[in-house]
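[1] need the 3D shape of this:
(chains A and B)
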Amino acid sequence: MFLRVVLRWRLRQKRRRKEVVPPSVRRRYSHIGPAKAVSGSSPDGSQGSVNNKKCEVLSAMPASRSRHVLICGALVVVLVLIGAFAAACGEAEEETTTTAAPVSSTTTQTTTEAAVTTTTAGETTTTAAPTPEEFIFGMVLVGPYNDNGWSQANYEGGLYVEKKLPGAKMVYVDKANTADRPGTTVEQLAEELVAQGAQMIFFTSDDMKDGAIAFARANPDIPVVHSSGDGAWVDGKDYKNLPNLSNIMGRMEYGKMIAGVAAALTTKTGKIGYLGPLINDETRRLAASAYLGAKYAWTEYLGKDPAELKFRVDWIGFWFNIPGVTSDPTQVADNFFNQGFDVVISGIDTTEALVEAGKLSQAGKEVWAIPYDYVGSLEEAPAVALGVPYFNWGPEYLKAVTAAREGNWSSFFTWVGPDWADINNPDTSMIGFAKGEGLSADAAAKVDEFIAALAGGLNLWTGPLNLQDGTPYLADGEVATDQQVWYLPQLLEGMEGQSVSE
Amino acid sequence: MDGATLVIGLAGVLTAAAPLVVATIGETFAERAGVINLSVNGTILLSAMGSFVVAVSTGSLVLAFIAGALIGALVALIVAFGSITLRQSQVAIGFVLTLFCRDLSYFLGNPFMGEKGPMLSVHPIPLLEDIPVLGTMFFKQDVMTYFSFVLIAGAWWWIFRTRPGLVLRAVGERPEAAFARGARVKLVRYAYTTLGGALVGLAGPMYSLSVKAGWKGTISGLDGLGWIVLAIVIFGAWNPVRVALGAYLFGLLQWLSVVLQPHLQGIPSQVLQVAPFPLMILTLLFVNIGNAEWVERVLAALPERPRKAVARAIRALRVVQPRSLGVPFEQD
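    Purely as a prediction, here's the structure:
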């Protein structure tokens, strides 16, 4: 039975091989045939007809070739027209003329140039040769500069510096990640910024740790800031002792605690989901902070049993969605909502959780979400947003750029909390929390009460606290040191989800 | 996980896989006619961006979907012109176009990054939605998901049960014979490549206005899906029903990787996150295994009983591509 199948298949294969004459071969024959006829100079009539045919072929050849050229030309014109049309729609006419070919190096250059021209509204100076009073700082961003998240918060920090410090100019390169720029290192991108005149470099992602350190080591004269890193922390585990390397980070733990409070006060099912990026020290301590805030509100404000609060962390694998590398954050958020988690706190750079909550609430579901990083992200689905804990990098970046410009740069590590007088003050507070429309008036009042309590010295990182596997983390009454918080080895007891990535 | 959650989850898989279904069936049409449209990945991105822009500027979802289909048809038309009229390499044209469209979409879409656009809403079908389990899965969806269901059946019927479908298959298998019988090979190829491109173009707005609402440039999470579409078409042996099953299988794998994460603490989360893509490629390998000669030799060495079973399984999975796929037709 089987043999018969194989035989039949073999036969079919053979038949196929016989039947299908590749067109390339046919073309070759048709060419050779007449050519032979030419060499044989016989007065025979039949041969003559072949000769005639051959002549036709010959005379037809250039014509068909020229037709090909014409058609190819037409194709190019069509493409150029599409490009031109594109440029007209793109609201960026100047750029298209310069970026004809999408070669990565030229595009980065033009985008950064565009950044300079757009940010220095009105001025026509380009990045060439800095004048003495000018100070150019470079910024490497992990995502697009307008991602409504982490990268945009950093980018706007740079704009703040430009606005506050006359003569300061930013050049930046965004999408510095392996998916968008395979084979390019952040050091190379930073070198490019230096070539454009940058006198100081900001590396603005945890992901760029190695690159920032390598660059600082290779360029000891250039001040380097690695935001969210710990390479310049004398008391940290990873101190590198490089005089030009500094770290800036905000104490987002507070922002996440406030988000946790807002979530716990809103949830009706008692189930809160946390959409986590990749698993590391930073993301663990931020997820844990959200949990601490939620537990505090659950027990202190609502008087409920902490065992009834479900808090689960699902990780996607990177700061934003890369198909084939990460889970799809939309699906992860969707899965939370489907399983009865009615509030999702986002820990990733982008806003999928909020968009998905907006979509489901359109379909009649009662769900909410809390985005992250950037104050403007609430706009994507205002009605279901409880609020957003956000970074305000501007004031700290201003201090750093000022120090570098005036020549009194020294290595520093700074981990800055909110300005408790007004956590939403754009000129003084590194960490803020903007409330969203989805937060009820009662809950909003409680959130304010919580912020006041934090300002008054409430510290949720106080024992007794256990790690997820039950090992003691803080004894009763013990307050966590900065090192203990920064390097939190696992999630906390009471949280569900993976603690370590390997 | 209780039953209701499972059903909602599976309904979500059907929604999430709907753009893949539409795109794969579009590509199936083109490849059945003998033209590989390799520009799928770029087309989806460009039409996702284009239709999102249209939706934001006009507020009309209908216009947005029309725009998406037009963009897809236009790109496919370039492929058709290059490969049918100019007789150039389909692979080269498609590949260049996919890169071009991708970068073009990022560049043009930049001013619309992160804007709030309209979204498709769910339209339950009265009465049918009350059927337990099936009602939630199949009859509480948005319009385009219903369209994807209809398309599967419609495409199958068209290709295998109608006379134009017969011509389509003939053109993809033996264009010379079809031509001799009076089929206008080039016209048929043009028509189905463009139609297929329009369907692929519909997948874009299905993402940007429904499944992954919004436009986020490089972090939209759409880059790469087009390649999976091409893989699924091969997996599905150019049969709309099997192709759709492939799309659902991929959707299911993605969903499982999300759902299982909390339960499989021992496995590194990265493994599950990446799994659907290599798994899809592996299945591809598996369905093609029957075409390799060494498999026959291995099979011949097996004892009678298992050999029959294995042979039957391989035969059921095996795929044979349209014979003239990728071969330009010369009319002499």
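[2] every contact and neighbour count from this point should use C-alpha atoms.
    OK.
[3] got the contact list for stretch B:309-323?
    Contacts to stretch B:309-323, defined as C-alpha atoms under 8 Å, 6 or more residues apart in numbering or on different chains, come from residues A:2, B:31-32, B:34, B:169, B:172-174, B:234-238, B:286-291, B:299.
[4] was I right to think B:Ile8 contacts A:Phe337?
    No. At 10.2 Å, B:Ile8 does not count as touching A:Phe337 under the criterion of C-alpha atoms under 8 Å.
[5] quick one, which of the two is more surrounded?
    Comparing B:Ile8 with A:Phe337 by other C-alpha atoms under 10 Å in any protein chain shown, the one with more neighbours is A:Phe337, at 25 against 18.
[6] for that one, give me phi and psi.
    Main-chain torsions, A:Phe337, degrees, to the nearest 10: phi -60, psi -40.
[7] do A:Pro395 as well
    Main-chain torsions, A:Pro395, degrees, to the nearest 10: phi -60, psi -40.
[8] how close does the nearest residue to it once chain neighbours are set aside get to chain B?
    Nearest residue to A:Pro395, sequence neighbours excluded (C-alpha to C-alpha, 6 or more residues apart in numbering or on different chains): A:Asp427, at 5.9 Å. Distance, A:Asp427 to chain B, by C-alpha to the nearest C-alpha, to the nearest Å: 26 Å.
[9] list the residues that contact A:Tyr473.
    Counted by C-alpha under 8 Å, 6+ apart, A:Tyr473 has contacts A:463-467.
[10] give me the buried subset of those residues.
    In the contacts of A:Tyr473, burial by neighbour count holds for A:463, A:465-467, counting by 16 or more other C-alpha atoms under 10 Å in any protein chain shown.
[11] any idea which of those residues is least confident?
    Lowest in pLDDT among the buried ones among the contacts of A:Tyr473 is A:Gly463, which has 84.
[12] follow-up on the earlier one: and the two most separated of the contacts of A:Tyr473?
    Farthest pair in these (C-alpha to C-alpha) is A:Gly463 and A:Leu467. Separation: 11.2 Å.
[13] just the pLDDT for A:Leu81.
    Looking at A:Leu81, its pLDDT is 56.
[14] can you pull out the low-pLDDT segments for chain A?
    Applying pLDDT under 70 to chain A picks out residues A:1-132, A:502.
[15] quick one: name the residues of the stretch 101-250 of chain B near chain A.
    With C-alpha under 8 Å from any C-alpha of the partner chain as the criterion, the stretch 101-250 of chain B meets chain A at residues B:103-104, B:107-111, B:113-116, B:119, B:121-122, B:212-213, B:216-225.
[16] again, only this time at 6 Å
    B:108, B:116, B:221 (C-alpha under 6 Å from any C-alpha of the partner chain).
[17] taking those one by one, which sit in helices?
    Among those, the members falling in helices (DSSP state H) are B:Leu108.
[18] looking at the residues of the stretch 101-250 of chain B next to chain A, which is nearest A:Asp235?
    Checking these against A:Asp235 by C-alpha to C-alpha gives B:Gly221 as the nearest, at 38.9 Å.
[19] count the residues that sit near the closest one.
    Using other C-alpha under 10 Å, B:Gly221 has 23 other residues around it.
[20] cool, and A:Gln188?
    Neighbours around A:Gln188, by other C-alpha under 10 Å: 12.
[21] pull out the buried positions in the host helix or strand of it.
    A:Gln188 belongs to helix A:186-195 when assigned by DSSP states H and E. Buried residues in helix A:186-195, counted by 16+ other C-alpha under 10 Å: A:186-187, A:189-194.
[22] so how far is the following helix or strand past that helix off the chain centroid?
    The element immediately downstream of helix A:186-195 (helix or strand, assigned by DSSP H and E) is strand A:201-203. Counting by C-alpha atoms, centre = their mean, to the nearest Å, strand A:201-203 is centred 16 Å from the centre of its parent chain.
[23] ditto for stretch B:21-37
    Relative to its chain's centre, stretch B:21-37 lies at 8 Å (C-alpha atoms, centre = their mean).
[24] so the residue nearest in space to the middle of chain A, which state does it fall into?
    With distances taken as C-alpha atoms, centre = their mean, the residue of chain A nearest its centroid is A:Gly143 (3.1 Å). Classification of A:Gly143 using DSSP: H, G, I helix; E, B strand; the rest coil returns coil.
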